[in-house]
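Engineer: sequence and predicted structure, then a few things I'm wondering about:
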Amino acid sequence: MPLGAVVCVFELLALVTARGAALLGARRARG
């Protein structure tokens, strides 16, 4: 795999993880 593709995948994964953590934190704060 090209290095660019690996970096792109890692960036997408980090974005999804950060968004999921933010949503989970908001739910915990409300609940």
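Structural biologist: Thanks, I have the structure now. What you see is a predicted model, and the numbers here were worked out from it, not measured in a lab. Residues are numbered from 1 along each chain as shown.
Engineer: which residues of the chain fall in strands?
Structural biologist: Read by DSSP state E, the chain holds no strands at all.
Engineer: burial measure for Leu15, as a count.
Structural biologist: Neighbouring residues of Leu15 were enumerated by other CB atoms under 10 Å; the total is 10. Heads up, the C-betas are built off the backbone N, CA and C, glycines and all.
Engineer: for Ala18, same thing?
Structural biologist: 10.
Engineer: please apply the same query to the one 5 residues further on.
Structural biologist: Other residues lying near Leu23 total 10 when counted by other CB under 10 Å.
Engineer: state the distance from it to Ala5.
Structural biologist: Leu23 is 27 Å from Ala5, where distance means CB to CB, to the nearest Å.
Engineer: pLDDT wise, what is Arg27 at?
Structural biologist: pLDDT recorded at Arg27 is 89.
Engineer: ok, it - contacts?
Structural biologist: Not one residue lies near Arg27 by CB atoms under 8 Å, 6 or more residues apart in numbering.
Engineer: how near is it to Cys8?
Structural biologist: Applying CB to CB to Arg27 and Cys8 gives a distance of 29 Å.
Engineer: same question for Ala22.
Structural biologist: Taking CB to CB, one finds Ala22 at 22 Å from Cys8.
Engineer: now swap in Gly20 and tell me
Structural biologist: With CB to CB as the criterion, Gly20 and Cys8 are 19 Å apart.
Engineer: what about stretch 8-19, distance to the chain center?
Structural biologist: 4 Å (CA atoms, centre = their mean, to the nearest Å).
Engineer: that one - what's its average pLDDT?
Structural biologist: Mean predicted lDDT for stretch 8-19 stands at 98.
Engineer: using CSV, list the CA coordinates for it.
Structural biologist: Output of stretch 8-19 as CSV, limited to C-alpha atoms (Å, rounded to 0.1, in the frame of the first residue of the first chain):
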residue,chain,number,x,y,z
CYS,A,8,-5.4,8.9,4.7
VAL,A,9,-6.9,5.8,6.5
PHE,A,10,-5.3,6.8,9.8
GLU,A,11,-6.7,10.4,9.4
LEU,A,12,-10.2,9.0,8.8
LEU,A,13,-9.9,6.6,11.7
ALA,A,14,-8.8,9.4,14.0
LEU,A,15,-11.6,11.7,12.9
VAL,A,16,-14.2,9.0,13.5
THR,A,17,-12.7,8.1,16.9
ALA,A,18,-12.7,11.7,18.0
ARG,A,19,-16.3,12.3,16.9
